[in-house]
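K.L.:
Quick one, structure for this:
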Amino acid sequence: MPKRSTSALKPVVDLLGKRLSTATILFHAAVADRMGVSVTDAKCRSLLVQLGPMTAGDLALRLQLTTGAVTGVIDRLERARLVRRVADPNDRRRVVVELVVNRKRDLEIARLFEPMGRRVVALTAGYSAKERTIIFEFLTQACEILEEETVHLRAKR
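P.N.:
Next up, the predicted model:
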């Protein structure tokens, strides 16, 4: 693939780095408000939805928070009846955080994402299979860059 000048790429970087990231954060803040929790709390729940139960230490690593901060997150999510602490089946000395299943509430949360999901599916349907592959690869790599840069920023404290 031929190299493009960095000035030609600036609009893409600005769109991804500013507008898309801000829109994403504001959307998730609105969802979190509807859930009655903070954005960090909602992202913690999202990790558990995506990856399944995990220890507080694992959550702290994934969220890039201290273990003390993640304890507060888990406490708030427990009070909201979104998660619970259970004994680790492999090591009874450890505690694992898992989702509390509440079909009605889980459906209400899923409905918060439905309109956006439908619109993204419709948008994506307008692209060819080859274009969707390129978009998927780009977004996957952009996520990896964001995750790596987050780790780097947290390490530089």
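K.L.:
in the host helix or strand of R84, what's buried?
P.N.:
With elements delineated by DSSP states H and E, R84 resides in strand 83-87, which encompasses its position. Residues V83 are the ones in strand 83-87 that count as buried (16 or more other C-beta atoms under 10 Å). (Each C-beta comes from the backbone N, C-alpha and C, glycine too.)
K.L.:
For that strand, what is the distance to the chain centroid?
P.N.:
The gap between the average C-alpha position of strand 83-87 and the chain average comes to 21 Å, counting by C-alpha atoms, centre = their mean, to the nearest Å.
K.L.:
Which other helices and strands does that strand contact?
P.N.:
Using 3 or more C-beta pairs under 8 Å, 6 or more residues apart in numbering; DSSP states H and E as the contact test, the elements touching strand 83-87 are helix 39-51, helix 67-79, strand 95-99.
K.L.:
Just the CA trace of that strand, in CSV.
P.N.:
These are the backbone C-alpha positions of strand 83-87, laid out as CSV (Å, rounded to 0.1, in the frame of the first residue of the first chain):
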residue,chain,number,x,y,z
VAL,A,83,-22.8,-7.4,40.1
ARG,A,84,-22.0,-9.6,43.1
ARG,A,85,-18.8,-11.0,44.7
VAL,A,86,-18.6,-14.8,44.8
ALA,A,87,-15.9,-17.2,46.0
